Each structure stands twice: as C-alpha cells, then as structure tokens.
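Peer 1: Sequence and predicted structure are below.
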Amino acid sequence: MSTRARPSNGSIIDWRKRRHQIAEKALPLFMARPWASVTVEDIAAQADMSFWQVYYSFDGQEDVYRGSVTLLFDQLAERIAKPFAAGATVLESVTGNADFMAEVMQEESYRQILYLRIRDESVEPWLGIQYRKRIAIPLVQNLKNAVMEAGKRQDLAIAVDDDCCWKALASLEASFAFPYLLQNAGIDEPSRKQAVSSSAKKVWSATYTLDDRMQLSA
C-alpha cells in the first residue's frame, strides 16, 4: 500500500477500491510493454483518472505493475482453491486432476502470467516467487492430495514421487499454455486427451504405498 501523504479535502476515499480500479485498467499497458516504459501519465489516461489520483494511490509504476499482476494471481489462486473430488481409483483421480490442471493452464490469466514471466522475470524475480507460491505449489499439492484421497478409498496410505509431480506440471504447461503463446491457438481434443492421459500415467507409475510393500493397480 502506498505510504504517500493523502490529500485532505474532507472526502472519504476507498483506497483499496481505487487501487483495484487502477491496477485493472493498467494491466493491458503492462501486457503490451515492460513496466519501466509505462509512465504514471499513461496509467492515468488508461484509467480515466488524473495523474494525482494514480500518484496518491501507488508508489510509482512498478507498484502499479505488481498490483495489476496480482489480480491475475488472485484469479488463478481462487480457481485452484476449488476442491477436487477424488475418483474411485488412483489412476482415475490422477487423470481427473491432470485434466483440471490442463483447464487452468488454458485460461487467459495463466497464459498472461506465463508470458510476463518469460518477458520480465529476469528483472522482476517477484514474478517467479509468486508463481511458485500461489500457482505451482498449490497445483502440485492438489495432485498429491488426489493420490492420497484415492488411496484412502482403498484403505491404503498412498503417496507419489514429488519430482514426478513437478515434471507433470511442466509437461502439461508445455502442452496447454505454450501453444497459445507461440501460435495463438489451442490444442485439438484428441491431442488434449492424449497429453492429459500421458501425464497422468507417468504420475500414476510414480505412486507407492508408504510401507512400499504392495504393488499398486488402477
């Protein structure tokens, strides 16, 4: 939150609402070019506000940039937080969760974050930190939870190799997010099903009972 002195004209301003409005309006500017080349005047014009309304709401362009990108992270975090129902078997649960991950990665906000990370992360490490904390780790945890919950239905304590889950995330991202950036086109349904199935089977093959004494089956 900006620490600048506030104008005292007797009016009551909802600063959180104003910051949200400015950040939302400014996002297209930051998608078009790096934040350092976007001026406060540009942001004010885009938001249909005065220079001083923006100036007193944020600590400069980078602060607006982070506020705008945070809106994207908020959208995805809310989507990812929705509970996922485990299937009747481990493979069914993993496949359903991989399909859910594919859906998330096809959303515009995910592609926008991916693009910004590619373009800006070298000078804005904050992007990678936020992506890992708010998007990647929750997605991987959802996948691990799906395996665990499916195991409980079979009265088994089942876990999955952590590294395999991260590889599945990267594989699905390559299949569902990158094509939009490179070709501005999605993936056809047969290819979609194949990509989900392939990732799910790799994750399933990396599952194991915690006592490591029982062969798993679908």
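Peer 2: Alright, I've got the coordinates.
Peer 1: buried stuff in the helix-or-strand element of the chain with minimal mean pLDDT?
Peer 2: Confidence across the helices and strands of the chain bottoms out at helix 178-183, with a mean of 76, counting by mean pLDDT, DSSP states H and E. The neighbour-count check on helix 178-183 (16 or more other CB atoms under 10 Å) flags Pro179, Tyr180 as buried. Any C-beta I mention is one placed from the backbone N, CA and C, and that applies to glycine too.
Peer 1: which strands and helices sit next to that helix?
Peer 2: Packed against helix 178-183 by the contact rule (3 or more CB pairs under 8 Å, 6 or more residues apart in numbering; DSSP states H and E) you find helix 108-120.
Peer 1: Excluding chain neighbours, give the residue nearest to Glu62 in space.
Peer 2: Using CB to CB, 6 or more residues apart in numbering and skipping the chain neighbours, the partner closest in space to Glu62 is Trp35 (5.6 Å).
Peer 1: you'd agree the one you found is up against Gly60?
Peer 2: No: here Trp35 does not reach Gly60: they are 9.2 Å apart, not a contact under CB atoms under 8 Å.
Peer 1: These two: who's more crowded?
Peer 2: The neighbour comparison of Trp35 against Gly60 (other CB atoms under 10 Å) goes to Trp35, with 22 against 13.
Peer 1: what sits against the more buried one?
Peer 2: By CB atoms under 8 Å, 6 or more residues apart in numbering, the residues touching Trp35 are Gln61, Glu62, Val64, Tyr65, Asp120, Glu124.
Peer 1: Quick check on those residues: which are buried?
Peer 2: Gln61, Val64, Tyr65, Asp120, Glu124.
Peer 1: And for Lys167, the neighbour number?
Peer 2: Neighbour tally, Lys167, other CB under 10 Å: 15.
Peer 1: Can you give me the pLDDT of it?
Peer 2: With respect to pLDDT, Lys167 scores 95.
Peer 1: Next: Lys82.
Peer 2: Looking at Lys82, the pLDDT reads 81.
Peer 1: Tell me which residue is most central in the protein.
Peer 2: Ile135 (4.0 Å; CA atoms, centre = their mean).
Peer 1: for this structure, longest helix please?
Peer 2: Ranked by residue count under DSSP state H, the longest helix found in the chain is helix 61-80.
Peer 1: centre of the chain versus it, how much separation?
Peer 2: 10 Å (CA atoms, centre = their mean, to the nearest Å).
Peer 1: residue contacts, Arg111?
Peer 2: Met105, Ala177, Tyr180, Leu181.
Peer 1: so what's Val147 closest to, chain neighbours aside?
Peer 2: Val147's closest residue in space is Val160 (CB to CB, 6+ apart), at 4.6 Å.
Peer 1: Would you list the phi and psi of that neighbour?
Peer 2: Note on Val160: its backbone torsions stand at phi -140, psi 150 [degrees, to the nearest 10].
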